[in-house]
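Undergrad: I'd like to go over a predicted model; first the sequence, then the structure.
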Amino acid sequence: MTIQKSRTVETLVEGRATSDGAGVKLTRVLTGRLQQRLDPFLMLDAFANEHADDYIGGFPDHPHRGFETVTYMIAGRMRHRDSSGNEGLLQNGGMQWMTAGRGVIHSEMPEQEGGLMEGFQLWLNLPAKDKMIPAWYRDFPSEAIPQLTTPGGVTVRVLAGESHGVAGAIQRTATAPLYLDLHLPAGSRFEQPLPAGHNAFVYVYRGEATIGGSTVPVRRMAILANDTQADGVEIESGADTRLLLIAGQPLGEPIAQYGPFVMNTEAELQQAISDYRGGRLAE
Ligand code: MN
């Protein structure tokens, strides 16, 4: 398959250094102001901490309602426990996909006392009709994530969606998420078809990429323009590069967020807060 015309880079985003949970240092790459532009994606956090002090507090018990969280670990070990009785260890190259639906209370705690902890958490919205579905959760250890190598030597881990005929670990109908982790050796090139109406972005976490003539440096998100003439994206790398390519079908529905709850209206947020305080969130 060949791309006739590649999307270009609309904006480069640096993200905002912050901390969350019990003092975990991270970069919020996709922030609230980009939620409409990157619909159906609500948040992307990147963390890469060498020092235990910057992650050891973890994310003690907290609630979610109305969307899905996707945690992808490059390095490190995190233990997940939730109110549905699920428990799992997420480590090196593994992914956890959690559909909060009507509600879940969970903790995400480091299970290491030193060394690098690196990974990403992506929030994917649910359509209004699915926001109150039962919570769902699954762990994918590294070896359970479908992977391919292109003839040009690019390694593609297919977390969600489909690439080069390989179906990913997860498929979703309403948002049709594509979530790829790409490893491009120096001097390689990669092509991926993308439906014109889908919102798409790239996050480079090693090396440097070139998309439509623009350079995307390390630790930058490139929002890809929704050019109706473009049928996909072509990515080139001069150096050994690793990046995430993420795309999805916008829901076009109102977004109302209060911290860990993402619904369509203020009234639904008030209901979520009241359900949480009353112990009814995760029944
Ligand atoms: Mn959480």
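TA: Thanks, I have the structure now. Quick caveat: nothing in here was measured; it's all calculated off a predicted structure.
Undergrad: for the rest of this, base every contact and every neighbour count on C-alpha atoms.
TA: Will do.
Undergrad: dump the residue contacts of the spatially most central residue of the chain.
TA: With distances taken as Cα atoms, centre = their mean, L122 lies nearest the centre of the chain, 2.7 Å away. L122 makes contact with 41-45, 69-71, according to Cα atoms under 8 Å, 6 or more residues apart in numbering.
Undergrad: element containing it, please.
TA: L122 is part of strand 117-125 when elements are defined by DSSP states H and E.
Undergrad: what lines up beside that strand in the sheet?
TA: Strand 117-125 has the following sheet partners, assigned by DSSP bridges: strand 41-49 (antiparallel), strand 67-75 (antiparallel).
Undergrad: out of those strands, nearest to A167?
TA: Closest to A167 of the strands paired with strand 117-125, according to Cα to Cα: strand 67-75, at 17.2 Å.
Undergrad: list the contacts for the closest residue to P195 other than its chain neighbours?
TA: Spatial nearest neighbour of P195, excluding adjacent residues (Cα to Cα, 6 or more residues apart in numbering): D231 at 6.5 Å. For D231, the contact set (Cα under 8 Å, 6+ apart) comprises 3-7, 193-196.
Undergrad: cutoff 6 Å now
TA: 5, 193-194 (Cα atoms under 6 Å, 6 or more residues apart in numbering).
Undergrad: show the pLDDT at the residue nearest to the centre of the chain.
TA: If you check L122, the pLDDT there is 98.
Undergrad: and what of the one 5 residues further on?
TA: On the pLDDT scale, P127 is placed at 98.
Undergrad: first-to-last residue distance for stretch 248-265?
TA: Length of stretch 248-265, first residue to last, Cα to Cα, to the nearest Å: 22 Å.
Undergrad: what comes up buried for that stretch?
TA: Using 16 or more other Cα atoms under 10 Å as the burial criterion, the residues of stretch 248-265 that qualify are 248-251, 255, 257, 261-264.
Undergrad: if we can go back for a sec, got JSON lines for the strands paired with strand 117-125, with mean neighbour count and distance to N86 too?
TA: JSON lines is the format used below for these (neighbours: other Cα atoms under 10 Å; distance: least, Cα to Cα, whole Å):
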{"stretch": "strand 41-49", "mean neighbour count": "22", "distance to N86": "23"}
{"stretch": "strand 67-75", "mean neighbour count": "22", "distance to N86": "15"}
